[in-house]
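*Asks:* need the 3D shape of this:
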Amino acid sequence: MRVRRDPKVFTDSVTGTWSWRDGVICVTTQGFGNELINSWHAGIVAPQKNYVVAEAPGLKEAVRLRQNKWVPSKGYTVYQVGVTSTTIQQDYNAGKWAGQQVGKPYNINFWDAKRTDKFYCSQLVWAAYYYTAGVDLNKSDNDIAGKMAIHPGELVNNSKVTLIYKDAR
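*Replies:* Prediction:
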């Protein structure tokens with residue numbers, strides 16, 4: 001006899017609570033962007049204003065501060081993770097650095113992650129920790145021929161971070 005499981009039990013879940021602690025990394029499996037490029041999305045809690053996430057939303061949009069917590073649409077998941085090796089001050093510095101990039105254009109060249117004049121979403125988060133705390137969150141999952149690219153999923157599925165919050169709908 002086969003036992004049928006209610007799929008809702010496994011897909012709808014919340015772990016932990018949303019955190020506004022500066023430097024917390026936010027990732028959603030729901031992509032932001034245009035019809036051509038629609039992938040996961042990442043941001044980082046920033047101290048410049050209350051309750052904001054610094055993000056590089058997509059083509060034709062500059063780095064911005066987005067208010068309110070991220071809530072997933074049905075079928076998507078939102079994660080928050082913290083870097084395990086950093087101090088509270090280093091996390092604050094990373095969030096502040098990311099927030100200071102507001103207004104910089106979107107970086108369409110995903111394999112040029114070390115530049116700091118343009119950003120795509122996960123590059124902004126990676127750079128914030130790399131340039132302020134010396135923590136390299138790149139797992140090389142998306143690197144090609146020596147060119148580095150960071151996908152938002154690498155920021156979640158990473159031995160250097162700890163899950164703080166997860167909301168799957």
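*Asks:* show me what the residue lying closest to Val53 once chain neighbours are set aside bridges to in the sheet.
*Replies:* Counting by C-beta to C-beta, 6 or more residues apart in numbering, Gly43 is the residue found nearest to Val53 once chain neighbours are left out, at 4.0 Å. Bear in mind the C-beta positions are built from the backbone N, C-alpha and C, glycine included. Beta bridges link Gly43 to Cys26, Glu55 when assigned by DSSP bridges.
*Asks:* Gln101 versus Gly43, what's the distance?
*Replies:* In this structure, Gly43 lies at 11 Å from Gln101, with C-beta to C-beta, to the nearest Å as the measure.
*Asks:* now for those two: what residues contact both?
*Replies:* Both Gly43 and Gln101 are contacted by Ala54, Leu124, under the criterion C-beta atoms under 8 Å, 6 or more residues apart in numbering.
*Asks:* hang on, the earlier thing: so what's the residue nearest to Val53 up against?
*Replies:* For Gly43, the contacting residues are Ile25, Cys26, Val53, Ala54, Glu55, Arg66, Trp70, Cys121, Leu124, Val125, taking C-beta under 8 Å, 6+ apart as the criterion.
*Asks:* likewise for Asp112?
*Replies:* Asp112 sits next to Lys147 when contact means C-beta under 8 Å, 6+ apart.
*Asks:* now with 6 Å?
*Replies:* With contacts defined as C-beta atoms under 6 Å, 6 or more residues apart in numbering, Asp112 has no neighbours.
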